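# predicted structure and sequence below. I'll ask about it afterward.
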Amino acid sequence: MEELPSSGAIGAVRARELLADVSGIQRRTRRPTGLWPPLVVFGVVAVAGAPLGLAGPLAVNLWWIAAAPAAFSLTGWFFARQARRRGFESQSRRLPALAMASFAVGWAATFWLSAEVGLRNGLGWVLAVALGYLVWSWLARSVPVALVAVSLAIVGTVLALSPAPAWTVQLGVGAAMIIGGLVLRHGPEAR
Amino acid sequence: MTHPSQRLDNAVHQRTRLGILTVLAGATRVDFTFLRDTLALTDGNLSRNVTVLEAAGYIEVSKVFDGRRPRTWITVTPAGREALAAEVAALREIVATVERQSAPVLRPAPRAGTA
């Protein structure tokens, strides 16, 4: 059992040490982990919906409207399962809020960029997802997550600017998301 | 006015127990094993400190079966959150008080030619 700190310099040194302990523990335990599920789930949705691009943008949009709620639910279930296995369950709203914000911004950006600037469908969405993952990588202090985000942005941009048919952009980006997610799942982020 | 160290709670003011409450405060519930590994403690050490915090009403312990695996989940109570916040505030005040006391007092420099 440790004693109460005495007043004066020794008390302050001890108090500083304890405060540093508290900050260190907070940093370690509240850092988001296991960021792979949204990449894999939304990557699968993107790949599965890519052939619909042959039928036109309306079919693709309808697919996303139908699939996105299911994908969010599945991602939420994955996170809950991870937290239970890890033994640290929290009600942090940061990750779901960021995920939904990225998705909404991406959706809006896709329409706005294609209508106003004539940018190809899907590029805005890819960049928003990549940006969302960059924010996550900062919150998680994770270099691998940042690398996945940058790779995703590069793959998406190259595909969107290439003369390839529009549906291949979604296919390529979806595949890149799945690969990125699996790399995180089995690589340094695996927990 | 009392010195902030007088406001420190014996049940909380100990490195391990402060660590336990800090981990728990950021979660809805935490597994015994996660706490043990995060704080680098032995089962016995963690168990003793958990008992002290539970007796003080700062945490609640529930033992459940996850499939066939027994698990011990630990939750911080509202009183535990308050105790942690009060402890951290008192520690900050101790540091601030001592820093104020040890700050150099600025005195005007003696003018040349004056005795």
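Happy to help now that I have it. Computed from a predicted structure; not experimentally measured.
# is B:Ser62 in a bridge, and if so with what?
B:Trp73 (DSSP bridges).
# hang on, A:Trp107 in a helix?
Yes: with DSSP: H, G, I helix; E, B strand; the rest coil as the criterion, A:Trp107 is assigned to a helix.
# list the residues that contact it.
A:64, A:125 (CB atoms under 8 Å, 6 or more residues apart in numbering or on different chains). Heads up, the C-betas are built off the backbone N, CA and C, glycines and all.
# and it, how far from chain B?
From A:Trp107 over to chain B the distance is 31 Å, taken as CB to the nearest CB, to the nearest Å.
# residue nearest the centroid of the chain?
Using chain A. With distances taken as CA atoms, centre = their mean, A:Tyr133 lies nearest the centre of chain A, 4.2 Å away.
# that's the other chain; I wanted chain B
B:Leu18 (2.8 Å).
# quick one: the longest helix anywhere in chain A near chain B?
The longest helix of chain A (DSSP state H) is helix A:57-86. Yes: contact between helix A:57-86 and chain B, assessed by CB under 8 Å from any CB of the partner chain, occurs at A:84, A:86.
# is chain B within reach of stretch A:14-30?
Yes: judged by CB under 8 Å from any CB, stretch A:14-30 comes into contact with chain B at A:15-16, A:18-19, A:21-22, A:25-26, A:28-30.
# residues contacting stretch A:62-80, please?
A:34, A:37-38, A:41-42, A:45, A:48-49, A:52, A:89, A:95-96, A:99-100, A:103, A:107.
# which residue in those has the weakest pLDDT?
Lowest pLDDT among the contacts of stretch A:62-80: A:Leu95, with 65.
# picking up where we left off before, quick check: PyMOL command selecting the buried ones in the residues of stretch A:14-30 next to chain B.
Remark: buried members of the residues of stretch A:14-30 next to chain B, expressed as a PyMOL selection using 16 or more other CB atoms under 10 Å in any protein chain shown:
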select buried, chain A and resi 15+16+18+19+21+22+25+29+30
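# in helices only, show me the residues of stretch A:14-30 next to chain B.
A:15-16, A:18-19, A:21-22, A:25-26, A:28-30.
# of those, closest to B:Phe65?
A:Thr29 (25.0 Å; CB to CB).
# show the contacting residues for that closest one.
By CB under 8 Å, 6+ apart, the neighbours of A:Thr29 are A:88, B:22-23, B:26-27, B:38.
# what about B:Leu46, which helix or strand?
helix B:43-55 (DSSP states H and E).
# and B:Phe65, by the same measure?
With DSSP H and E as the criterion, the answer for B:Phe65 is strand B:59-66.
# which other residues reach that strand?
Contacts of strand B:59-66 (CB under 8 Å, 6+ apart): A:84, B:20-21, B:24, B:50, B:53-54, B:70-77, B:80.
# how about stretch B:22-36?
A:21-22, A:25-26, A:29-30, A:86-91, B:20, B:38-39, B:41-43, B:46, B:50, B:59, B:71-76, B:80-81, B:84.
# just want the residue of chain A that's nearest chain B.
A:Gly87 (2.7 Å; CB to the nearest CB).
# contacts only, for that residue.
B:30-35, B:71.
# just those residues: which are in helices?
Per DSSP H, helices hold the following members of the contacts of A:Gly87: B:32-35.
# now do stretch A:169-180: distance to the chain's middle.
14 Å (CA atoms, centre = their mean, to the nearest Å).
# just confirm A:Ala128 is within a helix.
Yes: assigned with three-state DSSP, A:Ala128 falls within a helix.
# returning to that earlier point: tell me which two of the contacts of A:Thr29 sit farthest apart.
Across the contacts of A:Thr29 (CB to CB), the longest gap, 12.6 Å, separates A:Phe88 and B:Thr22.
# these two: who's more crowded?
The neighbour count for A:Phe88 versus B:Thr22, taken as other CB atoms under 10 Å in any protein chain shown, is higher for B:Thr22 (25 against 22).
# next, the angle helix B:43-55 makes with the one helix or strand that one maps to.
B:Thr22 is part of helix B:15-25, with elements assigned from DSSP H and E. Here helix B:15-25 points in a direction 70 degrees away from that of helix B:43-55 (axes from the mean of the first three to the mean of the last three CA atoms, to 10 degrees).
# on that earlier part again, from the contacts of stretch A:62-80, which land in strands?
Judged by DSSP state E, strands contain the following of these: A:Glu89.
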